[in-house]
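Q: 3D, please:
(chains A and B)
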There are 2 protein chains.
Amino acid sequence: MSTCPIDTRVIRPIRFVAGQCQMLDQRLLPTEEVWHSYKTYEEIADAIRTMVVRGAPAIGVAAAIGVWFGVRDLETQSSQEFYTQLEKICEVLAATRPTAVNLFWALERMKRFAHANLDRSVLELKIGLEYEALAITQEDEMINQTMGRHGEPLIPDGARVLTHCNAGAMATAAYGTALGVIRAAVAAGKKVAVIADETRPFLQGARLTAWELQKENIPVTLICDNMAGFLMSRGEIDCVIVGADRIAANGDVANKIGTYTVAVLAKVHKIPFYVAAPVSTIDLSLADGSLIPIEERDARELTHIKDVQLAPEGIQVRNPAFDITPHDLISAIITEYGVAEGDFSTRLPQLVHQS
Amino acid sequence: MSTCPIDTRVIRPIRFVAGQCQMLDQRLLPTEEVWHSYKTYEEIADAIRTMVVRGAPAIGVAAAIGVWFGVRDLETQSSQEFYTQLEKICEVLAATRPTAVNLFWALERMKRFAHANLDRSVLELKIGLEYEALAITQEDEMINQTMGRHGEPLIPDGARVLTHCNAGAMATAAYGTALGVIRAAVAAGKKVAVIADETRPFLQGARLTAWELQKENIPVTLICDNMAGFLMSRGEIDCVIVGADRIAANGDVANKIGTYTVAVLAKVHKIPFYVAAPVSTIDLSLADGSLIPIEERDARELTHIKDVQLAPEGIQVRNPAFDITPHDLISAIITEYGVAEGDFSTRLPQLVHQS
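A: Presented below is the predicted three-dimensional model:
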C-alpha cells in the first residue's frame, strides 16, 4: 500500500502507518493523544459516527479512505459484483452523519472514478480508488493553503478574531479552513489573536481549537459560547471566521450549533462574519438552508462530561448538532477558488464550476 | 435563637436548624444534596464567595444572616465598639461578590436598623438584628410570590418559555423570581413548558433550574447556551424570562453572562424578553449599566468540570460572570410592586419609592 509523505510537525487528524489508517481520537484531546488504527470500512464508518474524527472536510477524507479500504478487501473478481459491493460500502459510510455534504461529495467522487473506469479490471479499480482516496487527502491540505491565501487579506493586522467550533487542522486533512485563513494571516506577518468559543456540547473549541493553536504559538483565549456577545459589546472582537458543513446555493450555511447566534451578534455589532470552506461544501442542489438536514445527537452529550453528570437524571434534552446561518448575515465565503461576496446565488455556482 | 417555620415541601437553599444556618451546596447539585452548617459570619462570607449559595436575592438573604451571626458572637457590651465591629462584619461580607446589588442592599438594611436604634443596649441590638435578618428571609419569599402574581399575566397559556441561569427558588429564599413568575403561571392553570439554557461555565441551568422544575413536575427541556438562537429561528420559543443581579436607573440589567446574547436574539426574533427582580435589585445610584462592576472569576471554572480537564494546560481564559443587557432590549421588568414597561427611567424610581 501507498504511504502519504508525512511532515510530523504538521498537525493532522488522519495518517497512514504500516498499511493501516490511523486517526487521532478527537474525543480524548487535549488531555490524551491516542491514535486508533482502522483496517476496515466498517471501523472507519464507526469512527465517523462516534466522532473520533469530525469536521466536514476531515469526514470527507475519512469517507474516501473508507471506500478505498472497503473495496481493497473485496474478494470478488467480477466487475459487476465489485460495483454492487462499492454501492453497499458507500451506503454504510453515507449513513454515518447527515449534515456535512463533504461526506457525500467524497463518496460521489470515489464512485465517479470507478464508473469512469468500467473497462478496467477489479485489481486496477482497487489501485485507482486507493490513489483517488490519497489524492482527496492531499488535495484537501493544498485546498486549505490556497483558501488561506485567498482569505488572509480579510484579516487585518492586529485583529482579534472570534472562531466557533474547530475549523482547523483537526477538521481537515491538515491546515484547516477558518484556522487556515488565520494561519495564512500569521504567515503573512500579521499579529492575530484568536478568541475561541468552547462550543458546547462537544467542546471542539476548548479541546481542539485551543489545543492546535497553542501548539503553534498562535495567541488564543478561551471563552464560553455565551460570552461572545459581551466581548463584542465591549469592542473586543474585530471579525468572526468559521467553517461550514454545507452551503446552500443561496449562501445559507449549515455549521456547528451556535454559529447562527454568533452571526446574529456580529451583525448587530457591525462586525464582519466570514465563512471559510472548500467548494466541496457547496451544495447547489439545495436552494436554501431550510433544506439542509440537521442532525440531532444523543442527550448524553449535554448531560454528562465523561462520567460527570451535569443535569438531573431523566431530564429532557434537545441536542441539534448544527444550525443554519442565513446568507444575509455572512460578509464573505472564502473558498480555494476565491472569495464570494455580495450576491452568493450568482457567485457560488461560478466557484463550483471552476473546480 | 429563632427558627423559621419550614414547609419541607418548599425548595429552599437556606434553612435554620438547631441554632445554625444551613445551606444546600449548589455546587454539588443535582447529583448530591449536601447541607453545610455555618456558625460564623466568616464562614457565611466564604459560602457566598465560593458559590455554595448564589443568585442575587439569596446572596442578600445570606449576607443578612451573616450580619446577624457576626453581631451575635460579639462579646463587647460597649455600643460604640458594637457599631465599629458591625461595620467590619459588613465590610467582609460586602467583599464577597461585586455585581449583585442585593448583597449591599441587605447589608445597608441591617446597618440602617442598627443605626435607627442607637439608644438600645447591645443585647437589644443583637435581638433586633436577628429579627431583621429573619424578616429579610421571609419577606423575600413573599416578594417572589407577589412578583409571580404581577408577572404571570405576561405568560400566555401554552407558552414555551426560555430562561437563562437559575432565577428560581435556589436563587432566593424560596419560589424564585423568573421561575416564580413561571410557578405563578402554572398555579393559574396555564400550561407552560420551560426551555433551560445550561448556562456555562457554572451550569446553573442544567444543575439547578432543571433540578427544581423537575422536582415540581413543571415540563423542562435542557439546551446548551448556543442552541437558543436555533430554537428561536424555528419558532420554538414564545418568550424569555430571566432574573437580574443589578438594574441601573435607566433599566439596563446586569445578569448572568449570556443574558445579553439571549436578549439580542429575542429582539431579532421579535420575542418578548422579561426580567423579574425585587426592587432591592434596582440601583438608582447608577445612571446606566456601564457603571455596574462585572466580576471576572477563576479560569478553572471554564477549563475543568470537577476533575475533568476540558482545555489544554495553561490556556488563556476570559471568565466574566455577568453581562449588561441594555434597556431597549427589555420588554418589561417585573417587580413585587408592579410591572415596568416603556420608559424605565420614570417607572423604576416610582417602584423603588413605593417600597
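
Q: Break down the stretch 51-200 of chain A into its strands, ranges please.
A: Ranges of strands in the stretch 51-200 of chain A, per DSSP state E, counting those that start in this stretch, are A:160-163, A:193-197.

Q: Same question for the stretch 251-355 of chain A.
A: So, for the stretch 251-355 of chain A - with DSSP E, counting those that start in this stretch - the strands run A:253-256, A:273-276, A:282-283, A:304-305, A:308-309, A:316-317, A:322-325, A:332-335, A:338-341.

Q: List the buried residues for stretch A:97-117?
A: Neighbour counts over stretch A:97-117 (16 or more other CB atoms under 10 Å in any protein chain shown) mark A:97-107, A:109-111, A:113-114 as buried. All C-beta spots, glycine's among them, are computed from the backbone N, C-alpha and C.

Q: CA atoms only for that stretch, dumped as CSV, please.
A: What follows is stretch A:97-117, C-alpha atoms only, in CSV (Å, rounded to 0.1, in the frame of the first residue of the first chain):
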residue,chain,number,x,y,z
ARG,A,97,-23.6,11.7,9.6
PRO,A,98,-26.4,13.6,7.8
THR,A,99,-25.3,17.3,7.7
ALA,A,100,-21.8,17.6,6.3
VAL,A,101,-22.1,17.4,2.5
ASN,A,102,-18.3,16.7,2.1
LEU,A,103,-19.1,13.2,3.1
PHE,A,104,-21.4,12.7,0.2
TRP,A,105,-19.1,14.6,-2.1
ALA,A,106,-16.2,12.3,-1.3
LEU,A,107,-18.3,9.2,-1.8
GLU,A,108,-19.6,10.5,-5.1
ARG,A,109,-16.1,11.3,-6.3
MET,A,110,-14.9,7.8,-5.5
LYS,A,111,-18.0,6.3,-7.3
ARG,A,112,-17.5,8.6,-10.2
PHE,A,113,-13.9,7.4,-10.6
ALA,A,114,-15.0,3.8,-10.5
HIS,A,115,-17.7,4.4,-13.1
ALA,A,116,-15.4,6.3,-15.3
ASN,A,117,-13.2,3.2,-15.5
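
Q: So which residues on the stretch 101-250 of chain A come close to chain B?
A: Counting by CB under 8 Å from any CB of the partner chain, the stretch 101-250 of chain A comes close to chain B at A:195, A:197-201, A:203, A:206-207, A:210-211, A:214, A:219-231, A:233.

Q: among the residues you listed, which ones are buried?
A: Of these, these count as buried by 16+ other CB under 10 Å: A:195, A:197-201, A:203, A:206-207, A:210-211, A:214, A:220-231, A:233.

Q: Might you specify the subset of those located within helices?
A: Those of these mapping onto helices are A:210-211, A:214, A:228-231, A:233, per DSSP state H.

Q: Could you single out the nearest of those to residue A:30?
A: Distances from residue A:30 to these, taken as CB to CB, are shortest for residue A:211 (4.0 Å).

Q: Grab the nearest non-local neighbour of that closest one.
A: Counting by CB to CB, 6 or more residues apart in numbering or on different chains, residue A:30 is the residue found nearest to residue A:211 once chain neighbours are left out, at 4.0 Å.

Q: Can you classify that neighbour by secondary structure?
A: coil (DSSP: H, G, I helix; E, B strand; the rest coil).

Q: Please verify my assumption that it contacts residue A:212.
A: No: Residue A:30 is not in contact with residue A:212 according to CB atoms under 8 Å; the separation is 9.1 Å.

Q: who's more crowded, these two?
A: Comparing residue A:30 with residue A:212 by other CB atoms under 10 Å in any protein chain shown, the one with more neighbours is residue A:212, at 24 against 21.

Q: how about the more buried one, what does it touch?
A: Neighbouring residues of residue A:212 by CB atoms under 8 Å, 6 or more residues apart in numbering or on different chains: A:11, A:166, A:168-170, A:176, A:179.

Q: Please name the residues that touch residue A:332.
A: Per CB under 8 Å, 6+ apart, neighbours of residue A:332: A:154, A:272, A:274-275, A:339-341.

Q: right, and the pair among these with maximum separation?
A: A:272 and A:340 (13.8 Å).

Q: who's more crowded, the two?
A: The neighbour comparison of residue A:272 against residue A:340 (other CB under 10 Å) goes to residue A:340, with 24 against 18.

Q: now check stretch A:265-281, is it near chain B?
A: Yes: shown here: stretch A:265-281 in contact with chain B (CB under 8 Å from any CB) through A:265, A:268.

Q: how does chain A divide into domains?
A: A:2-144, A:146-354 (automatic domain parsing).

Q: Point out the most buried one among these.
A: Greatest average neighbour count among the domains of chain A goes to domain A:146-354 (a mean of 22), per mean count of other CB atoms under 10 Å in any protein chain shown.

Q: Could I get the average pLDDT for that domain?
A: Across domain A:146-354, the average pLDDT comes to 97.

Q: Ends of it, what's the gap?
A: Taking CA to CA, to the nearest Å, the first and last residues of domain A:146-354 lie 14 Å apart.

Q: Next, find the distance separating the residue in the stretch 101-250 of chain A positioned nearest to chain B from residue B:281.
A: In the stretch 101-250 of chain A, the residue that lies nearest chain B is residue A:226 (2.8 Å; CB to the nearest CB). For residue A:226, the distance to residue B:281 equals 21 Å [CB to CB, to the nearest Å].

Q: Ok, residue A:243 next?
A: For residue A:243, the distance to residue B:281 equals 41 Å [CB to CB].

Q: Kindly report the same for residue A:148.
A: 49 Å.

Q: How about residue A:70?
A: Distance from residue A:70 to residue B:281, by CB to CB: 62 Å.
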